[in-house]
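K.L.:
Task: produce atomic coordinates for the following.
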Amino acid sequence: MNLQNILYRVYERRLQREIQAHKLPQHVGLILDGNRRYARSVGLMSILEGHRLGAKKLEEVLTWCEELNIRMVSIWILSTENLQRPLEELAGLLQLIENRLRDAAHDPKTHTKRMRIRAIGKLELLPESLRDAIREAEEATREYGSFFLNVAVGYGGRQEIVDAVQSLLRERLESGKSLEATIEEVTSDNVGKYLYTYDLPDPDLIIRTSGEVRLSGFLLWQSAYSEFYFCDAYWPAFRRIDLLRAIRSYQQRERRFGF
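P.N.:
Next comes the predicted model:
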């Protein structure tokens, strides 16, 4: 191990001791951005190889979160806009997601961790084989509650809010309520009950990789009081030290849940 690696490890251990002395986020959202740009930057043979490395990185990061006692992670792996990508790239990405979900359903580590997997998004837009893999993973882990992995796939924040409002209106009108009475029931509390994440706590911290400083629609409603951290590293190059820095930044802020 060279001097640079030794110094890195020393700094990493110091950072971990520092953050463990303070309150940790309980729910972390991750926007896994930069797989394609990473593939180009390091000269990989195809964009899909960048996505494969990103999938491997996710396994690492989930382990880091578990070691830090962060028990809920929400990841955004495919937006509704991503479904418009070139067919060749999209087909490979969808197959990769499908394979990873099926693997997770049978991976002994999933069951040892007692990790519950849940997909959120407009799932009807996805191919049937991918929806089947989602059902398989959710069914295999539905009784678990030690670690929660929420997978945003075919997800768009605006679409989620539109779907929630439409579901609320449809249910009230079908129950015989008048339009006027239904309009009065369009409140933040009631709309929240129809979100894809209706029974999940809002994220405390949202991390986006690749240097982009925006949410691009990730958990728009739920992130109203979240803290944000934007990391320059592409997702496949995301390091444990980057996660620790994000958590330290979160801990240094005063959460006011308002102005």
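K.L.:
mind listing what the residue nearest the centre of the chain touches?
P.N.:
The chain has residue 75 as the residue nearest its centroid, 1.4 Å off, counting by C-alpha atoms, centre = their mean. Contacts for residue 75 (C-beta atoms under 8 Å, 6 or more residues apart in numbering) come out as 29-30, 32, 58, 149-152. Any C-beta I mention is one placed from the backbone N, CA and C, and that applies to glycine too.
K.L.:
let's see 10 Å
P.N.:
Applying C-beta atoms under 10 Å, 6 or more residues apart in numbering, we find residue 75 in contact with 28-32, 58, 61-62, 149-153, 218.
K.L.:
cool, residue 114 as well?
P.N.:
So, once contact is read as C-beta under 10 Å, 6+ apart, residue 114 ends up touching 141, 143-148.
K.L.:
For stretch 47-67, what does the pLDDT average out to?
P.N.:
Averaging pLDDT along stretch 47-67 yields 96.
K.L.:
how about that stretch: buried residues?
P.N.:
Across stretch 47-67, burial judged by 16 or more other C-beta atoms under 10 Å covers 47-55, 57-58, 61-62, 64-65.
K.L.:
Show me the residues you listed that map onto helices.
P.N.:
47-55, 57-58, 61-62, 64-65 (DSSP state H).
K.L.:
Name the nearest of those relative to residue 86.
P.N.:
Nearest to residue 86 among these, counting by C-beta to C-beta, is residue 47 at 9.3 Å.
K.L.:
quick one: that closest one and residue 36 touch, right?
P.N.:
Yes: Residue 47 is within contact range of residue 36, at 4.9 Å (criterion: C-beta atoms under 10 Å).
K.L.:
on that earlier part again, can you redo the contacts of residue 114 as CSV with pLDDT and neighbour count?
P.N.:
As requested, these are exported to CSV (pLDDT from 0 to 100; neighbours: other C-beta atoms under 10 Å):
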residue, pLDDT, neighbour count
141, 98, 22
143, 97, 8
144, 98, 16
145, 96, 11
146, 97, 11
147, 98, 19
148, 98, 19
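K.L.:
Among those residues, which ones are in strands?
P.N.:
Judged by DSSP state E, these include 147-148 as members of strands.
K.L.:
related to what we said a few turns ago, please enumerate the shared neighbours of residue 47 and residue 36.
P.N.:
In contact with both residue 47 and residue 36: 85, 89, 93, using C-beta under 10 Å, 6+ apart.
K.L.:
Number of residues surrounding the first one?
P.N.:
Which is residue 85. Neighbour count of residue 85, defined by other C-beta atoms under 10 Å: 16.
K.L.:
Same check on the second one?
P.N.:
By other C-beta under 10 Å, 15 other residues sit near residue 89.
K.L.:
Touching, residue 220 and residue 158? I think so.
P.N.:
Yes: between residue 220 and residue 158 a contact is recorded at 6.7 Å, counting by C-beta under 10 Å.
K.L.:
just the strands in the stretch 1-150 of the chain please.
P.N.:
27-31, 72-79, 115-120, 147-155 (DSSP state E, counting those that start in this stretch).
K.L.:
Among these, show me which one is buried the most.
P.N.:
strand 27-31 (a mean of 25; mean count of other C-beta atoms under 10 Å).
K.L.:
Give me the sheet partners of it and which way each runs.
P.N.:
strand 72-79 (parallel), strand 205-208 (parallel) (DSSP bridges).
K.L.:
So what angle separates the directions of the first one and strand 147-155?
P.N.:
Just to be clear, that refers to strand 72-79. Relative orientation of strand 72-79 versus strand 147-155 (axes from the mean of the first three to the mean of the last three C-alpha atoms, to 10 degrees): 20 degrees.
K.L.:
CA atoms only for strand 72-79, dumped as PDB, please.
P.N.:
Extracted as PDB, the C-alpha positions of strand 72-79 are listed here (Å, rounded to 0.1, in the frame of the first residue of the first chain):
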ATOM      1  CA  MET A  72     -33.400   2.900   4.400                       C
ATOM      2  CA  VAL A  73     -32.000   3.800   0.900                       C
ATOM      3  CA  SER A  74     -34.000   5.000  -2.100                       C
ATOM      4  CA  ILE A  75     -32.200   4.800  -5.400                       C
ATOM      5  CA  TRP A  76     -33.200   6.300  -8.800                       C
ATOM      6  CA  ILE A  77     -32.100   4.000 -11.600                       C
ATOM      7  CA  LEU A  78     -34.500   4.800 -14.400                       C
ATOM      8  CA  SER A  79     -36.600   7.900 -15.100                       C
END
